[in-house]
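# sequence and predicted structure, then a few things I'm wondering about:
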Amino acid sequence: MRDPVLFAIPFFLLLLIIEWTAARKLEHLVSEDGTPANGAYHARDSWASISMGLVSVATMGAWKFVALLGYAAIFAYVAPWQLSASQWYTWVIAIVGVDVLFYTYHRTAHRVRLIWATHQAHHSSQYFNFATALRQKWNNSGEILMWLPLPLLGVPPWMVFFSFSLSLIYQFWIHTERIGKLWRPFEFIFNTPSHHRVHHGMDQLYLDKNYGGILIIWDRLFGSFQAEQFRPHYGLTKPVNTFNIWKLQTREYAAIGRDVRAARGLRTKLGYIFGPPGWEPANAPSPARKAHATS
């Protein structure tokens, strides 16, 4: 119950209500190309996002409980030393460590279809607002595995969870079209609404860019940064056309299953599982047809 995310939920909902109220007249407006108007909300889309967020609170708690058992064992019996939570550098290691590992996981999630299946629901909305920030995945197994180096380095398990919660809280406010570009030094170091709008864009220029959580410097260092040039078109390159939260969470797993069953040869089957979203064998009769998105 001390998870910062739980205490932040009332503030999430307050900001969401304020933004939604400000945009209530935009719900049925569309741009010239048929996309939702800038800053618009859609009631069913938003309720789907909020519902997925509420379920994710429970699923994340379950995944954290499982992870705690492993992290505690690694911290107590495997780590060569145990860092003290009273030292400032332990907090730096925990927060920066979670952030760079989040970047690594996030980039992997966009390039490995099996992991993308867990993440694509977050990108499935054609709207970009505070409600979209709550459209979270229910399968956190990938992130749980990605954090393993931290307890191995002696970071207390509770600090790992706390640092990731801080990252989630930070990433809430960057899901909005109501904030333009900020002070240039801040934009250079930190993830911002402008950077994250790019990440959610389905435009070719924006695909697979800006994976950072709190810091955008990882994208600048590792070649995945893209500045916002124009307002993105949001969502998956192949729209899902549903507000059913179960289908939104599981649709890509089902698609993987269908492709694997229809594929011939182990190499092709593995390609459909571990290749990038949209992967097709070299001898495929048609061009790539899988949904791919930005996040």
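Now that the structure is in, tell me what you want to look at.
# next, residue 211: phi, psi?
As for residue 211, its main-chain torsions (degrees, to the nearest 10) stand at phi -90, psi -10.
# and if you look at residue 70?
The phi/psi pair for residue 70 (degrees, to the nearest 10) is phi -70, psi -40.
# can I get stretch 38-55 in CSV? Just the C-alpha atoms.
Extracted in CSV, the C-alpha atoms of stretch 38-55 (Å, rounded to 0.1, in the frame of the first residue of the first chain):
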residue,chain,number,x,y,z
ASN,A,38,-5.9,18.1,-31.5
GLY,A,39,-6.5,17.4,-27.8
ALA,A,40,-9.7,15.4,-28.3
TYR,A,41,-11.1,12.7,-26.1
HIS,A,42,-13.4,9.9,-27.0
ALA,A,43,-15.6,8.6,-24.2
ARG,A,44,-15.4,4.8,-25.0
ASP,A,45,-11.8,5.0,-25.8
SER,A,46,-11.0,6.8,-22.5
TRP,A,47,-13.1,4.4,-20.5
ALA,A,48,-11.2,1.5,-22.1
SER,A,49,-7.9,3.1,-21.1
ILE,A,50,-9.1,3.8,-17.5
SER,A,51,-10.4,0.2,-17.2
MET,A,52,-7.1,-1.3,-18.4
GLY,A,53,-5.3,1.0,-15.9
LEU,A,54,-7.4,-0.2,-13.0
VAL,A,55,-6.8,-3.9,-13.9
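# quick one: average pLDDT of that stretch?
When pLDDT is averaged along stretch 38-55, the result is 87.
# ok, now stretch 239-252?
For stretch 239-252, mean pLDDT is 92.
# again, but for stretch 113-124
Model confidence over stretch 113-124 averages 95 on the pLDDT scale.
# buried residues in the helix or strand harbouring residue 45, which are they?
Secondary structure assigned from DSSP states H and E places residue 45 in helix 43-73. Judged by neighbour count using 16 or more other Cβ atoms under 10 Å, the buried positions of helix 43-73 are 45-46, 48-53, 55-56, 59-60, 63-64, 67-68, 71. Any C-beta I mention is one placed from the backbone N, CA and C, and that applies to glycine too.
# same for that helix, what does it pack against?
Where contact means 3 or more Cβ pairs under 8 Å, 6 or more residues apart in numbering; DSSP states H and E, helix 43-73 is packed against helix 4-22, helix 130-133, helix 141-146, helix 157-172, helix 245-262.
# now tell me which helix or strand of the protein has the poorest mean pLDDT.
The helix or strand of the chain with the lowest confidence, counting by mean pLDDT, DSSP states H and E, is helix 4-22 at a mean of 75.
# and the angle for it with helix 43-73?
Counting by axes from the mean of the first three to the mean of the last three Cα atoms, to 10 degrees, helix 4-22 points 170 degrees away from the direction of helix 43-73.
# how far does helix 4-22 sit from the chain's center?
Distance of helix 4-22 from its chain centroid, counting by Cα atoms, centre = their mean, to the nearest Å, is 18 Å.
# using CSV, write out every CA atom in that helix.
Coordinates of the C-alpha atoms in helix 4-22 are reproduced here as CSV (Å, rounded to 0.1, in the frame of the first residue of the first chain):
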residue,chain,number,x,y,z
PRO,A,4,3.7,5.8,-4.8
VAL,A,5,1.5,5.0,-7.8
LEU,A,6,-1.5,4.2,-5.5
PHE,A,7,-1.2,7.6,-3.8
ALA,A,8,-0.8,9.3,-7.2
ILE,A,9,-4.0,7.8,-8.6
PRO,A,10,-6.3,10.5,-7.2
PHE,A,11,-4.1,13.2,-8.8
PHE,A,12,-4.1,11.2,-12.1
LEU,A,13,-7.9,11.2,-12.1
LEU,A,14,-8.1,14.9,-11.2
LEU,A,15,-5.8,15.9,-14.1
LEU,A,16,-7.7,13.5,-16.4
ILE,A,17,-11.0,15.1,-15.5
ILE,A,18,-9.7,18.6,-16.0
GLU,A,19,-8.2,17.8,-19.4
TRP,A,20,-11.3,15.8,-20.4
THR,A,21,-13.6,18.7,-19.4
ALA,A,22,-11.5,21.1,-21.4
